[in-house]
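[1] predicted model and sequence follow; I will ask about them next.
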Amino acid sequence: MSTVAQKRVAKPATMAQALGRAMRDAMAEDPTVHVMGEDVGTLGGVFRITDGLAKEFGEDRCTDTPLAEAGILGAAVGMAMYGLRPVVEMQFDAFAYPAFEQLISHVAKMRNRTRGAMPLPITIRVPYGGGIGGVEHHSDSSEAYYVATPGLHVVTPATVEDAYGLLRESIASDDPVVFLEPKRLYWSKADWNPDSPAPVPGIGNALVRRAGTSATLITYGPSLPVCLEAAEAAREEGWDLEVVDLRSLVPFDEDTVVASVRRTGRAVVVHEANGFGGPGAELVARIQEKCFHHLEAPVLRVTGFDIPYPPPMLEKHHLPGVDRILDTVARLQWEN
């Protein structure tokens with residue numbers, strides 16, 4: 001279909017719809033793809049991402065499981081060892097913690113343990129992050145745990161197009177993928193054609209979402225719209241900010257990030273996870289190693305605070321916002 005025709009039939013779609021369509025299309029094309037998790041079948045998931053899959057493909061392929069995350073992922077390991085491609089939903093970010101032993105000891109290590117003879121093509125969907133007024137255990141940003149576990153791919157979309165394209169690639173991957181879904185963006189919309197989705201760059205590729213010359217904002221997942229809003233607001237201060245969307249934390253697209261920072265000479269890393277020991281710490285270290293002689297100021301971070309997730313009334317103060325980002329960009333100018 002031509003680009004013109006694609007645009008003609010495109011209509012507003014949400015990220016939630018794109019994720020559901022990605023699983024539906026994967027299941028239709030490959031009978032080894034099975035979806036499983038708490039309430040994913042009859043209910044269609046807490047966020048209705050899997051709505052309709054059990055009706056179309058049957059409960060054998062879209063299966064409601066007991067409330068036992070370790071058991072869910074353990075079962076997925078066995079399924080993958082016998083040739084299936086399970087897609088596991090962990091209902092909320094912090095609910096995934098009971099499955100860590102399975103994840104770290106088996107999912108992440110099996111290919112290496114068997115010298116490549118037994119990959120585990122498991123996709124672990126994790127709704128994560130804040131911004132929905134959720135309480136503790138429902139709004140964690142747990143990506144640092146997954147990034148620190150060798151053997152896993154860690155992916156997080158921030159757009160409708162990426163939600164579909166990256167999930168399809170994750171399901172097709174022979175390596176295990178932790179697919180982090182920013183739940184505050186589930187209802188974000190874009191014009192999108194589900195019958196002929198435009199291809200997107202694959203796992204391991206970052207994208208420059210906004211070109212600029214003054215400084216680079218490096219972000220991913222739920223913080224991308226905030227950074228784009230900050231970049232627009234920065235124009236009033238005379239700053240032209242570039243925005244890089246990582247899309248994939250592991251593998252990490254070092255080339256795109258380094259090229260951007262070398263062009264602008266300044267960088268700020270933005271994410272919802274806590275600052276100390278968060279993903280931004282590794283990003284800052286990489287940037288300063290690769291871009292030291294190009295930097296006009298230290299690489300700074302805007303992150304969640306180093307506390308357990310706060311009550312809903314306080315999350316607007318906890319999460320990175322436009323004002324905090326602009327204040328940090330101003331520090332880049334002062335420290336020149």
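    Structure's in. What do you need?

[2] where does pLDDT dip in the chain?
    For the chain, the stretches with pLDDT under 70 are 1-8, 333-336.

[3] okay, now the domains of it?
    Domain assignment for the chain by automatic domain parsing gives 3-192, 207-334.

[4] isn't Thr149 up against Ser105?
    No: in this structure, Thr149 is not within contact of Ser105 by Cβ atoms under 8 Å, at 10.2 Å. Yep, even glycine has a C-beta here, placed from its N, CA and C like the rest.

[5] packing partners for the top helix by length along the chain?
    Among the segments of the chain that qualify as a helix by DSSP state H, the longest is helix 15-29. If contacts are counted by 3 or more Cβ pairs under 8 Å, 6 or more residues apart in numbering; DSSP states H and E, helix 15-29 sits against strand 33-37, helix 53-57, strand 85-89, helix 160-172.

[6] buried deepest among the ones you listed, which one?
    Each of the helices and strands packed on helix 15-29 was assessed for mean neighbour count using mean count of other Cβ atoms under 10 Å. The highest is strand 85-89, with a mean of 26.

[7] so that strand versus helix 15-29, what angle?
    160 degrees (axes from the mean of the first three to the mean of the last three Cα atoms, to 10 degrees).

[8] could you list the buried residues of the helix or strand that strand 85-89 is followed by?
    Sequence-wise, the next helix or strand downstream of strand 85-89 (DSSP states H and E) is helix 100-102. In terms of neighbour count (16 or more other Cβ atoms under 10 Å), helix 100-102 has its buried residues at Phe100, Gln102.

[9] just the C-alphas of the helix or strand that comes right after helix 100-102, formatted as CSV.
    Downstream of helix 100-102, the first helix or strand assigned by DSSP H and E is helix 110-113. What follows is helix 110-113 as a C-alpha-only set of coordinates in CSV (Å, rounded to 0.1, in the frame of the first residue of the first chain):
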residue,chain,number,x,y,z
MET,A,110,19.3,-20.5,29.8
ARG,A,111,20.9,-19.6,26.4
ASN,A,112,24.3,-19.2,28.0
ARG,A,113,23.9,-22.2,30.3
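
[10] distance from the lengthiest strand in the chain to the middle of the chain?
    If you go by DSSP state E, the chain has its longest strand at strand 267-274. Here strand 267-274 is found 14 Å from its chain centre; the criterion is Cα atoms, centre = their mean, to the nearest Å.

[11] next structured bit after it?
    Per DSSP H and E, the first helix or strand lying C-terminal to strand 267-274 is helix 279-291.

[12] so which bits of that following helix are buried?
    Across helix 279-291, burial judged by 16+ other Cβ under 10 Å covers Pro279, Gly280, Ala281, Glu282, Leu283, Val284, Arg286, Ile287, Lys290, Cys291.

[13] with stretch 300-316 instead?
    Buried residues in stretch 300-316, counted by 16+ other Cβ under 10 Å: Leu300, Arg301, Val302, Thr303, Gly304, Tyr309, Pro310, Glu315.

[14] now do it: distance from first to last residue.
    One end of stretch 300-316 sits 21 Å from the other (Cα to Cα, to the nearest Å).

[15] ok, now stretch 99-109?
    Span of stretch 99-109 from end to end, Cα to Cα: 15 Å.

[16] list the buried residues of it.
    So stretch 99-109, judged by 16+ other Cβ under 10 Å, has buried residues Ala99, Phe100, Gln102, Leu103, Ile104, His106, Val107, Ala108, Lys109.

[17] out of those residues, which comes closest to Leu120?
    Closest approach between those and Leu120, by Cβ to Cβ: Val107, at 5.7 Å.

[18] dihedrals phi and psi, the spatially closest residue to that closest one that is not a sequence neighbour?
    For Val107, ignoring the flanking residues on the chain, the nearest one in space by Cβ to Cβ, 6 or more residues apart in numbering is Pro176 at 4.8 Å. With angles defined as degrees, to the nearest 10, Pro176 sits at phi -70, psi 140.

[19] could the buried residues of stretch 99-109 go into a markdown table alongside distance to Ser188?
    Putting the buried residues of stretch 99-109 into a markdown table (distance: Cβ to Cβ, whole Å) gives the following:
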| residue | distance to Ser188 |
| --- | --- |
| Ala99 | 28 |
| Phe100 | 29 |
| Gln102 | 32 |
| Leu103 | 28 |
| Ile104 | 32 |
| His106 | 34 |
| Val107 | 29 |
| Ala108 | 31 |
| Lys109 | 35 |
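
[20] which of those lies closest to Gly116?
    Gly116 has its nearest neighbour among the buried residues of stretch 99-109 in Lys109, at 12.3 Å by Cβ to Cβ.

[21] hang on, isn't the closest one packed against Leu152?
    No: judged on Cβ under 8 Å, Lys109 makes no contact with Leu152 at a distance of 9.9 Å.

[22] among the buried residues of stretch 300-316, which lie within strands?
    Judged by DSSP E, strands contain the following of the buried residues of stretch 300-316: Leu300, Arg301, Val302, Thr303, Gly304.

[23] quick one: contacts for the last one?
    Residues in contact with Gly304 (Cβ atoms under 8 Å, 6 or more residues apart in numbering) are Gly130, Ser141, His271, Glu272, Ala273, Asn274, Gly275, Gly278, His318, Leu319, Pro320.

[24] could you grab the helix/strand/coil label for Val208?
    Three-state assignment for Val208 (DSSP: H, G, I helix; E, B strand; the rest coil): strand.
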